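[1] Would you be able to build a 3D model of this:
(2 chains)
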Amino acid sequence: MRRYFFGKMCLKKIPIIIFLLVSYFIIPNHVYAAPETVITEGHSHNEIKRGERFFKGLLPFKRDYNACVSCHNLTPTDTLNWNPSAMDIAMKYADQDFGSFQSAVMEPSGIKMQASHVNFTLKEEDLKAVKSYLDNLSETGLSPAKPTYNNLILFLFLGLLLTWALVELIFLHHIKWKVVPIVIFMGAFGWQVRMIVTDAIKLGRQESYAPDQPIKFSHKVHAGENGIDCMYCHTTAEQSKSAGIPATNLCMNCHVLIREGSNSGKFEISKVVEANEKGQSIEWTRIHNLPDHVYFSHAIHVGSGKLDCTQCHGQVQEMDIMQQHSDLSMGWCVNCHRETKVDFGNNGYYEHFVELHGQIKSGAIDSVTAADVGANDCMRCHY
Amino acid sequence: MTKYWRSLDELNAPVAFRKNEVRLEVDANRATMKKAASSSRRDFLKTLGFSVASAAVVASCKRPVDKAIPYLVKPEEVTPGVANYYASSYFEGNEYCSVLVKVRDGRPIKIEGNDLSSISQRGTSARVQASILDLYDDARFKTPLKRGEPTTWDEIDSYISQKLSQLNNENKKVVLLSSTIISPSAKKVIGDFQQRFPNVEWVQYDAVSATGILKASELSFGKAFVPDYRFEKAKVIVSFGADFLGTWLSNVEYTKAYSSGRRVMKKSDEMNRHYQFESGMSLTGSNADVRVPIKPSEEKTILTALYYQLLQAGGEFTVAAPASPVDLKGLVEDLLENKGRSLVVSGSNDVEIQLIVNAVNHLLGNYGTTIRTEKTLNTHQGIDADFERVIAGLKDKSIAGILCWGVNPVYNHPKGSDLKQLIAGAELSVSFSDRKDETTAACHWVCPEAHYLEAWNDAEPKSGTFSLAQPTISKLFDSRQVQESLLKWAGVEAPNYYEYLRKNWTENMSGLQRKYTDGRIFWNEVLQKGVFEPGIEFKTLAYSENGLAGALSLKQDAASGWEVVLYQSMALKDGFAGNNPWLQELPDPIAKISWDNFAAVPVKWAEENGVQNESVITVNGVELPVFIQPGQAPGTISVALGYGREVAGKVGDGVGKNMYPFTSIENGAQKFWVSGAQVSVTDKTYELALSQTHHSMEGRPIVRETNFDEWQLDPAAGNELKAEHDEHSVSLYPGPEFKGHHWGMAVDLSSCIGCGNCAIACQAENNIQVIGKEQVRNRRIMHWIRVDRYFSNDAENPEVYHQPVMCQHCDNAPCENVCPVSATPHSDEGLNQMAYNRCVGTKYCVNNCPYKVRRFNWFKYVGNDEFDYASNSDLGRMVLNPDVTVRSRGVVEKCSFCVQRIQEKKTEARVAGRKIEDGEIQPACVQSCPGNALVFGDLNDPNSKISNYFKNERNYHLLEELHTLPSVGYLTKVRNKKA
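    Presented below is the predicted three-dimensional model:
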């Protein structure tokens, strides 16, 4: 008898156990962990906290200018903001003394800064607090953006739902109409399948992927407003599989003179100059990623096919933030190959295709597509 | 019809053999099943958990963020994604080869042959191909060492230069022991070093030296040298135990020359005749027209008899010739008919034998035609007696210091273990080795030199023929070229061998030519081409009969008992690259055994004594596994050198048995055979990785052959089946159509010598993984191109056929239509494509391929501790070709005709808007084939070389009767047996 009760108690507790387990995994671990700070050069926690409040404009005092955070944002995702982010500033001044920080804030140089850093009446102690806050920030980094688990929660919920429906249908029989659990089961299962399928198709695809870059480089400014040819920087697009990311010294061709941008002021360009002087490469985040088993050559498409860059990369000259235009899926490649006509008459290479030339002459066909000359063979891209 | 067979079991009992084949296959499969799929309840739960987790992951997974890091300052000559080729020179293990090094984004990834070299003529050997992997060897030293502990160059320099001065002041001798040095600049450095330290003696020591030839030519011509053999000019080639196609002297050069004399495409072509007298079946012997199995002790008698018979035939001599154990009548006739167009060589290290060889060649008027004395081959300069003096000096302490450069005598000298003590006991012992070896382990100081792909050097492999070596990557580890170490110790403040070398070339070498007056332009020109062949005239040397009389007087040895012949294996040669997994896994060209050396025993003896393959016998107390070798001379056993390394690294340690202790020093020369050996049969067995019976073709006429005289009458001789099959070729389906290209390959079986260079070239190009002994035994070797070896006729002395088989790219491919997921369709250009990412691993295609060329990835071979070879470390994986996918577990792979190379050239042509030239595209196997046996091209071009090969009457296809329409053609094997 006791045993039976014990068993029953356990059974009743199962949903609670499941709930506890699920919530344990779902709630990010760092919620439990105490915030870590590195106290540098005698800064106290209080000072850092004060600096943070000041930076965020949370301290109650009268002022006729905005808080720091209104221009220098803390969240790393919003790069449309041309001003250097808090992290950027923190990294730049981490190794410098207070004096240089103070003069940078209080004695603005460059058009952009002069326009925004006006009427600053900051107390030195406030500024020191901000500096210590930023120093601390450069050590600890920003707390990572909270990951969203909505999809996972929904998926697990649907899983529970369909399990319940199944159990109800077979064992419990609480609901009179059998059709209800059947519908619930079918619905939940169908929705799960749909989630898996859509996600599986998206797996590895990054359409509209626009990650943060270490420098707020704007293609709109360079290729659009200034009309620089794509191939000026991406020099190897015509000869190599890779279009090439410009070496830092190529940037310096222009930026040896141009040290201030109309959008970002001096801050972003100074990163390039610094990288060049320090001899450190700029670590860009790669946007267009093909899987390892795909071989793609720019040379064929640009050098021989004379495709316009925008056909695959979109209106780059209008992008402040570079993003992936096409989904780079196999279907997208294959369809384009089927539709794109090759320069059959003029490229000497196609003289190999004697029969097709004959058909064109006789009028049997009027043009030759890339697929006609084998562009859709497996081993064009997979080997 | 000739009966072809692949092993004795098949010859004697074909039915049982085939049954056994099936059984072995089943066993292997079962073993894997047991290993991989013993599922239990727990496994079920694990799988269940995995599926739930993966579903969850699908609902929220992200791609990793990749970085794109550009150059800071892009070098002008580098285009990311496009390979550069740098000319360089390979010289290791006494083998020279002029090479091109393919460098992709700063990493050397492939060795190609350099067609500008008159020596290697675009050919390479398997060892040259595999040398790229040695660059990325985990056994390389990362820092200089002092008694096994890492140290700094400063410490080394201050100690050693002080120690050298001290020994110099005390007038104690120091020996610089090197392998043969062919670099003029390095010799100059040694000269500088000796000038600073007059107590230093420079001794050259070769693991397998040419002492016999050097000493003999010293007597016959007054100068110790290896002459320049011109095999292409010889109509009759006689070799006594010289494996000149495999391992002897300048084998790549000789292979080029030899096969050029055997290429019969049109009526007027002539063909040389090749006689081989040898004990074990060597690669060279397997290609011979007439092969005579002899005991090594009989070699001298036969040569003496040959000499006397030639004299008699010339009427110059009337004394009866000594009795020869074999009939020489036909040979003598041939030689006399081809005076001045014949060539007699011997691989023996016995001075007397070489003296008789010289006399025979002189008698036949070969000097000045097929043998040039004015040019010398410099790759073998070590004289064994010199090293014996060094040992004596170390023993009596008259030599206080030893500097070891590129030598490993502790391993490859018969008294290796004594030497270990002697070297360790010397006051100063330094090794320059760049990786672990037995001698280095005994030395106090290790000053690792740079790998040849990281170093500057020059070479004079043949007098008047120069080449340069240049670094293709900056040094991976804290190493320093030996030349710089020596200069540093000799007192040069900041030695720079590059400057030294360039100075030597711009100042001294540029004087040898007139084209460029500016030394710097000359230097750039040579550096680009890799070779410099100014065509200097040298004086020919006059022959004298010095020492011949003594050599001819036969002292009848009481030769009794077994004679054990020690030969250099094709893959490992003298054993210097023991830690190279590609070479370890390359099957022996005759036995088709990898990962071991073995005792090759005669057929008859094995039958009589009930010995089988994989039985263990003891030879002078050493236990060796048996391979019954058809063609092995009765009373002899052959065992390969180069195995049994003890300190080589994770791959080479303890593979096989070291046979160097069997050698002996006789008359100042190392002798590579033993007489009176004690052999006893044990009841033990030892598993060998035999791939010889893999991929059975069920006895169908795979190799077609004819003899030269028959071919002259009818070029289609031996290929009658082709006409028959063509006649019956009917299909219900429309024929395949290729609008642009139709790629094809032809294999000339007469030119192919079976060396295995193609297999390693392919391995390097296509990221083919090493799978280890156990998996080779399970018949899973991954090579995309394998060289099949067939025997025919008499088991005591069979004829041998080598046949490279790669994917045949059938236009009517049986593999294609059984694939349930369309992972292997046909391309518009006739390629049988393989899309790895589509393959689900049903292996239907593997089973349906009549040529058995498809390979299945039974395991993940990359980054797997179970397969701890090159691909299990970041360093080893640097060799991977970035243009070829690294296959994962569960997919099928096979030869792609090097589609990445086809694509590369097509892109180039397209961008330039021109047609592809014939011969522009060369798959890896074709590019460096030393026999020029492989031809690749476009069958749609009627004037291409490949089309001409396909039109040749000798051309046939494998299993034509199946109507698979292969894109690979084979040209019948033509031998030149005496009618």
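
[2] ok so residue B:564 is a strand residue?
    Yes: assignment of residue B:564 by DSSP: H, G, I helix; E, B strand; the rest coil places it within a strand.

[3] Spit out the contact partners of the residue nearest to residue A:383 when sequence neighbours are not counted.
    If the residues on either side of it in the chain are set aside, residue A:383 comes closest to residue B:899, at 4.8 Å by Cβ to Cβ, 6 or more residues apart in numbering or on different chains. All C-beta spots, glycine's among them, are computed from the backbone N, C-alpha and C. Taking Cβ atoms under 8 Å, 6 or more residues apart in numbering or on different chains as the criterion, residue B:899 is in contact with A:379, A:383, B:831, B:833.

[4] and the residues you listed as TSV, adding pLDDT, secondary structure and distance to residue B:414?
    Output for the contacts of residue B:899, formatted as TSV (pLDDT from 0 to 100; DSSP: H, G, I helix; E, B strand; the rest coil; distance: Cβ to Cβ, whole Å):
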residue	pLDDT	secondary structure	distance to residue B:414
A:379	91	helix	54
A:383	88	coil	50
B:831	94	coil	53
B:833	94	coil	54
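
[5] Now flag whichever of those residues is closest to residue B:342.
    Closest approach to residue B:342 among those (Cβ to Cβ): residue B:831, at 45.5 Å.

[6] what are the phi and psi values for residue A:349?
    Main-chain torsions, residue A:349, degrees, to the nearest 10: phi -60, psi -40.

[7] My guess is it contacts residue B:909. True?
    Yes: at 4.8 Å, residue A:349 and residue B:909 qualify as touching, with contact defined as Cβ atoms under 8 Å.

[8] so what sits against both of these two?
    Common neighbours of residue A:349 and residue B:909, counting by Cβ under 8 Å, 6+ apart, are B:915, B:916.

[9] These two: who's more crowded?
    residue A:349 (23 against 20; other Cβ atoms under 10 Å in any protein chain shown).

[10] Let me see the contact set for the more buried one.
    Here residue A:349 is in contact with A:304, B:906, B:909, B:910, B:912, B:913, B:914, B:915, B:916 (Cβ under 8 Å, 6+ apart).

[11] burial measure for the fifth one, as a count.
    Residue B:912: 13 surrounding residues under other Cβ under 10 Å.

[12] about what we covered before: of all the contacts of residue B:899, which comes closest to residue A:265?
    Among those, and counting by Cβ to Cβ, the member closest to residue A:265 is residue A:383, at 48.3 Å.

[13] Surely that closest one is in contact with residue A:294?
    No: contact criterion Cβ under 8 Å: residue A:383 and residue A:294 do not qualify, at 9.9 Å.

[14] Work out for me the element residue B:840 sits within.
    Residue B:840 belongs to no helix or strand when assigned by DSSP states H and E.

[15] Need the pLDDT of it.
    Reported pLDDT at residue B:840 in the predicted model: 94.

[16] mind checking how far it is from residue B:910?
    Distance of residue B:840 to residue B:910, given as Cβ to Cβ, to the nearest Å: 34 Å.

[17] what about the two, which has more around it?
    Using other Cβ under 10 Å as the criterion, residue B:840 and residue B:910 rank with residue B:910 on top: 23 against 12.

[18] Please give me every residue in contact with that one.
    By Cβ under 8 Å, 6+ apart, the neighbours of residue B:910 are A:300, A:303, A:304, A:347, A:349.

[19] List the buried residues in stretch A:231-250.
    By neighbour count on 16 or more other Cβ atoms under 10 Å in any protein chain shown, the buried set for stretch A:231-250 is A:233-248, A:250.

[20] Which residue would be the closest one in the stretch 451-600 of chain B to chain A?
    At 16.0 Å from chain A, residue B:474 is the closest residue in the stretch 451-600 of chain B, using Cβ to the nearest Cβ.

[21] So for that residue, what's the nearest residue that isn't a sequence neighbour?
    The spatially closest residue to residue B:474, leaving aside those adjacent along the chain, is residue B:454, at 7.2 Å (Cβ to Cβ, 6+ apart).

[22] tell me the contacts of that neighbour?
    B:135, B:471, B:472, B:473, B:474, B:475, B:476, B:479.

[23] What is the burial count for the first one?
    If I follow you right, that is residue B:135. Residues within reach of residue B:135, counting by other Cβ under 10 Å, total 23.

[24] Isn't residue B:338 up against residue B:238?
    No: in this structure, residue B:338 is not within contact of residue B:238 by Cβ under 8 Å, at 10.5 Å.

[25] Against chain A, how distant is the closest residue to residue B:478 other than its chain neighbours?
    The shortest distance from residue B:478 to any non-neighbouring residue, by Cβ to Cβ, 6+ apart, is to residue B:143 (4.7 Å). Distance, residue B:143 to chain A, by Cβ to the nearest Cβ, to the nearest Å: 25 Å.

[26] Tell me the predicted confidence for residue B:143.
    For residue B:143, the pLDDT comes out at 95.

[27] What of residue B:48?
    Confidence at residue B:48, expressed as pLDDT, is 57.

[28] Break down the stretch 251-400 of chain B into its strands, ranges please.
    B:273-278, B:290-293, B:342-346, B:371-377, B:399-405 (DSSP state E, counting those that start in this stretch).

[29] on that earlier part again, which among the buried residues of stretch A:231-250 are in contact with chain B?
    Among the buried residues of stretch A:231-250, the residues that sit close to chain B (Cβ under 8 Å from any Cβ of the partner chain) are A:236, A:238, A:239, A:240, A:241, A:242, A:244, A:245, A:246, A:247, A:248, A:250.

[30] Same list, those residues, but as a markdown table with secondary structure and pLDDT please.
    What follows is these, written out as a markdown table (DSSP: H, G, I helix; E, B strand; the rest coil; pLDDT from 0 to 100):
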| residue | secondary structure | pLDDT |
| --- | --- | --- |
| A:236 | helix | 91 |
| A:238 | helix | 91 |
| A:239 | coil | 90 |
| A:240 | coil | 91 |
| A:241 | coil | 91 |
| A:242 | coil | 91 |
| A:244 | coil | 89 |
| A:245 | coil | 92 |
| A:246 | coil | 92 |
| A:247 | coil | 92 |
| A:248 | helix | 91 |
| A:250 | helix | 91 |
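
[31] in chain A, which ranges drop under the pLDDT threshold?
    Confidence mapping of chain A against pLDDT under 70 gives the ranges A:1-44, A:60-64, A:76-79, A:144-147.

[32] Nearest residue to the middle of it?
    Chain A has residue A:211 as the residue nearest its centroid, 2.2 Å off, counting by Cα atoms, centre = their mean.

[33] Assign it to one of the three secondary structure states.
    Put simply, residue A:211 is coil when judged by three-state DSSP.

[34] re earlier: could you flag which of the contacts of residue B:454 are buried?
    B:135, B:471, B:472, B:473, B:476, B:479.

[35] Next to chain B, which bits of the stretch 51-200 of chain A? Give me the list.
    Taking Cβ under 8 Å from any Cβ, the part of the stretch 51-200 of chain A that reaches chain B is made up of A:149, A:151, A:152, A:154, A:155, A:156, A:192, A:195, A:196, A:199, A:200.
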